[in-house]
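[1] everything below, folded, please.
(2 chains)
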Amino acid sequence: MRNLEKNMFTKEALALAWQYFLPPYTFQIRVGALYLLYGLYNTQLCQPKQKIRVALKDWDEVLKFQQDLINAQHFDAAYIFRKLRLDKAFHFTAMPKLLSYRMKKKIQRAEVTEEFKDPNDRVMKLITSDVLEEMLNVHDHYQNMKHIISGDKSNPDKALSLIKDDFFDNIKNIVLEHQQWHKDRKNPSLKSKVKDGEEKREGNSQESERCERAESLARIKSKAFSVVVQASKSRRHRQVKLDSSDSDSASGQGQIKATRKKRNKETLKSAGRKMSSKNRDNMQNVHKEDKSLRLSMPVITEEEEDNESFSETEFTAPKRKRKSRTKNLV
Amino acid sequence: MAEGTRIGPTCHGMGSRQDPVSSSGSCNFPEYELPELNTRAFYVGAFGELWRGRLRGEGDLSLKEPQASALPGSQGVAEWGQEDAAVARDLGCSLEAAAELRAVCGLDKLKCLEAGEDPEVIPEDTDLVTLGVRKRLLEQREETITIDRVCRQETFAYEMESHAIGKKPENPADMVEEGELILSVNILYPVIFHKHKEHKPYQTMLVLGSQKLTELRDSICCVSDLQIGGEFSNTPDQAPEHISKGDCEHVVVITDIRLVHRDDCLDRTLYPLLIKKHWLWTRKCFVCKMYTARWVTNNDSFAPEDPCFFCDVCFRMLHYDSEGNKLGEFLAYPYVDPGTFN
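    Here you go, the predicted structure:
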């Protein structure tokens, strides 16, 4: 490669990789970008080496990232950053790119790869784990107060019953569901393999989108028709029977069976529909592990929901909990 | 003022050391006013202070040559031990971990070619998209018998960009200081050709933050310094080579400001340093098409076009007889081609 070309190419390559090293990209992507910068810088053929430009306004972010790496004991990433700095691989600049006067009206906007970013999740921003913790504290405190000032210490007065007792659990579950939905929507092919060795239902991620969409639609429809509602007493003679002529091979009868051992009932909008006591337990479990692409938000029912409490609430835990009838916290 | 960063009004030099303005309106953290086009005004000197305050002198700002032991492959076991200890201290890991990091993250791990393999040869079984593209390009060149060779202009541009890199002064007093700022400045040519409407040609100079604006001005080499006024058709021998003339306005755009690095030119006396020039095609004589034009005529009965350009020899041959008497009617002006400075 010619000398001038080498210089220009290396500058471009480093500038491109640098973009991914800064927020709003996810932690993983940023570490990947760091490795990319390390590789590009050290294997370039320019003599002397082209440098990595870092603007003043970004340096604090960079240092913060370095500290995060050390705190999380990602020593390899911290090591290569340290090496780059020791090798004086950086140019400390005012702005990331050279400014240039352009007559063109259209300025090319830098394309940001959306899937590398943390999703802009307003729900998660509003209801953070701090907020939830605070809520739990306040809730507990409130309940305690009610107990204290009531005549019967074990049961607060009925007159004090002003909120739903399971308010906190509900919010937490809703938020967890939302998070799960986001994850599944974003990474249909990155679902972690379950340890008891079952195969993925969706095959590989190279399946065409159209195929997945079609399948999802079919699944939703089959679920809609597979939940049998007990007719009220006055209409007993018109009990709905489940017809198993559904052509969708993915649907089971009565329930959608994942190849997992979990029960996996889907519920639909319950407005005006009475659910049998059996169904009620699973209303909040809108599992999405067996769907690759979710087309709509999970449906949150209005009925009283389970009072299952989760002693450990992890929002970013990488492991799945293996309790029966519990939600998957991923 | 055209796009680019504007220097604060009270600076005497390009980047005088001022106290960072904290409470007044202007910010010292450079940021975009119009994204990718220009920034808000900021004080260059204060900007330098902000950077220097965030960096470690020995580590980041030093301009010293890298020590021999820092070069890969030249270290012995004892030096490895020292380095591991430093790594362990900086990262908060154990010595064993540091040694392992050195092995696992070493530069040799970045190479993918085996010894003796030629990087020019593209392996058959590759699925890298870039290699596929390169392969097609190479095949196409073979088919069309195209030879990829660097042209003069590119060699020239590369030379300009890199000729002063790493230069050290003979006199140590002329050494650029640590923490000095380097500004990249584009100086637009005043020449107005139609083909330059979209993309004006310019020179790029590197200026030190501690230098004065006057030094920058003096270093600008402009062809209008050398323009000649006056009509000399009757007295061609009296036309001067050139006349110095002042008063030319140039648009100056600051495109970059950064801290000096050990690989930069470290000889103060070479700054402001020219690193890029627009290559201008010189206008050639209309007759011989070989020599650069030195005369331009108007209302010329001998010339097929108006204005018309001639080199000195052809000009005289066409317009004057063997005794030097003027033939025909014409107006003649000495001409200095902008490309004279290539």
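
[2] show me where pLDDT drops low in the stretch 1-150 of chain A?
    A:101-121 (pLDDT under 70).

[3] helices of that one, start to end?
    Along the stretch 1-150 of chain A, counting by DSSP state H, counting those that start in this stretch, helices occupy A:3-19, A:27-43, A:56-71, A:75-86, A:122-126, A:129-149.

[4] contacts only, for B:A88.
    B:A88 is in contact with B:S94, B:L95, B:A97, B:A98, counting by C-beta atoms under 8 Å, 6 or more residues apart in numbering or on different chains. Where C-beta positions appear, they are placed from N, C-alpha and C, glycine not excepted.

[5] residues near residue 150, how many?
    You didn't say which chain, so I picked chain A. Residues near A:S150, counting by other C-beta atoms under 10 Å in any protein chain shown, number 15.

[6] that's the wrong chain, I wanted chain B
    The local packing of B:V150 (other C-beta under 10 Å) involves 13 other residues.

[7] neighbours of the closest residue to A:H91 other than its chain neighbours, how many?
    Nearest residue to A:H91 in three dimensions, chain neighbours excluded: A:K51, at 4.2 Å (C-beta to C-beta, 6 or more residues apart in numbering or on different chains). Look at A:K51: counted by other C-beta under 10 Å, it has 21 neighbours.

[8] and A:K51, how far from B:Y271?
    Using C-beta to C-beta, to the nearest Å, A:K51 is found at 19 Å from B:Y271.

[9] what is the neighbour count of B:A303?
    Per other C-beta under 10 Å, the neighbour tally for B:A303 reads 20.

[10] okay but it is in contact with B:T297, surely?
    Yes: counting by C-beta atoms under 8 Å, B:T297 is a contact partner of B:A303 at 5.6 Å.

[11] which residues are common contacts for these two?
    B:F330.

[12] now the strands: where do they sit in the chain?
    Since no chain was named, I'll use chain A. In chain A, the strands defined using DSSP state E lie at A:52-55, A:90-93.

[13] looking at chain B here, not the other one
    Under DSSP E, chain B gives strands at B:32-34, B:38-39, B:181-188, B:202-208, B:252-259, B:273-276, B:295-298, B:308-310, B:331-334.

[14] what about the third one, near chain A?
    Yes: judged by C-beta under 8 Å from any C-beta of the partner chain, strand B:181-188 comes into contact with chain A through B:S184, B:N186.

[15] got the angle between that strand and strand B:252-259?
    Inter-element angle recorded for strand B:181-188 and strand B:252-259: 160 degrees (by axes from the mean of the first three to the mean of the last three C-alpha atoms, to 10 degrees).

[16] only C-alpha atoms, please: export strand B:181-188 in CSV.
    This file holds the C-alpha atoms of strand B:181-188, laid out as CSV (Å, rounded to 0.1, in the frame of the first residue of the first chain):
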residue,chain,number,x,y,z
LEU,B,181,-0.1,23.1,21.8
ILE,B,182,0.0,22.6,18.1
LEU,B,183,-2.7,24.2,15.9
SER,B,184,-3.5,23.1,12.4
VAL,B,185,-4.4,26.0,10.3
ASN,B,186,-5.8,26.0,6.8
ILE,B,187,-5.1,29.1,4.7
LEU,B,188,-7.3,29.4,1.8
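
[17] elements contacting it?
    Contact partners of strand B:181-188 among helices and strands, from 3 or more C-beta pairs under 8 Å, 6 or more residues apart in numbering or on different chains; DSSP states H and E: helix B:44-54, strand B:202-208, strand B:252-259.

[18] kindly report the same for the last one.
    Contact analysis of strand B:331-334 by 3+ C-beta pairs under 8 Å, 6+ apart lists strand B:295-298 as its packing neighbours.

[19] now swap in the shortest one and tell me
    For strand B:38-39, the elements it packs on are strand B:32-34, judged by 3+ C-beta pairs under 8 Å, 6+ apart.

[20] helices or strands next to the strand it packs on in the packing?
    Using 3+ C-beta pairs under 8 Å, 6+ apart, strand B:32-34 sits against strand B:38-39.

[21] one step back: to chain A, which of the helices and strands packed on strand B:181-188 lies closest?
    strand B:252-259 (4.0 Å; C-beta to the nearest C-beta).

[22] which neighbouring elements make contact with that closest one?
    Judged by 3+ C-beta pairs under 8 Å, 6+ apart, strand B:252-259 is in contact with strand A:90-93, helix B:44-54, strand B:181-188.

[23] present those as a markdown table; the columns should include mean neighbour count.
    Below are the helices and strands packed on strand B:252-259 laid out as a markdown table (neighbours: other C-beta atoms under 10 Å in any protein chain shown):
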| stretch | mean neighbour count |
| --- | --- |
| strand A:90-93 | 22 |
| helix B:44-54 | 19 |
| strand B:181-188 | 22 |
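
[24] adding distance to B:Y32, write the ones you listed out as JSON lines.
    Shown next, in JSON lines, are the helices and strands packed on strand B:252-259 (distance: least, C-beta to C-beta, whole Å):
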{"stretch": "strand A:90-93", "distance to B:Y32": "13"}
{"stretch": "helix B:44-54", "distance to B:Y32": "14"}
{"stretch": "strand B:181-188", "distance to B:Y32": "17"}
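
[25] which one, of those, ends up nearest to B:D127?
    With C-beta to C-beta, the closest approach to B:D127 among these belongs to strand A:90-93: 33.6 Å.

[26] what's the domain layout of chain A?
    Chain A breaks down by the TED database into domains covering A:1-99, A:123-186.

[27] any residues of the stretch 51-200 of chain A in contact with chain B? List them.
    Within the stretch 51-200 of chain A, the positions near chain B by C-beta under 8 Å from any C-beta are A:51, A:53, A:55-57, A:59-60, A:63, A:70, A:73, A:75-76, A:78-80, A:82-83, A:85-88, A:90-95, A:97-104, A:107.

[28] are any of the residues you listed buried, and if so which?
    Buried subset of those (neighbour count, 16 or more other C-beta atoms under 10 Å in any protein chain shown): A:51, A:53, A:55-56, A:59, A:70, A:75-76, A:78-80, A:82-83, A:85, A:87-88, A:90-95, A:98-99, A:101.

[29] now do the helices in chain B.
    Using DSSP state H, the helices assigned to chain B run over residues B:44-54, B:77-91, B:95-104, B:129-144, B:152-162, B:213-219, B:312-319.

[30] any regions of the stretch 51-200 of chain B where pLDDT drops low?
    Residue ranges of the stretch 51-200 of chain B with pLDDT under 70: B:57-58, B:68-75, B:191-199.

[31] quick one: which of the contacts of B:A88 has the most company?
    Counting neighbours by other C-beta under 10 Å, the top entry in the contacts of B:A88 is B:A98, with 22 neighbours.

[32] what parts of the stretch 201-342 of chain B come near chain A?
    Counting by C-beta under 8 Å from any C-beta, the residues of the stretch 201-342 of chain B that sit close to chain A are B:V253, B:I254, B:T255, B:D256, B:I257, B:R258, B:L259, B:H261, B:R262, B:D263.

[33] can you rerun that using 7 Å?
    By the rule C-beta under 7 Å from any C-beta of the partner chain, the part of the stretch 201-342 of chain B lying against chain A is B:V253, B:T255, B:D256, B:I257, B:R258, B:L259, B:H261, B:R262, B:D263.
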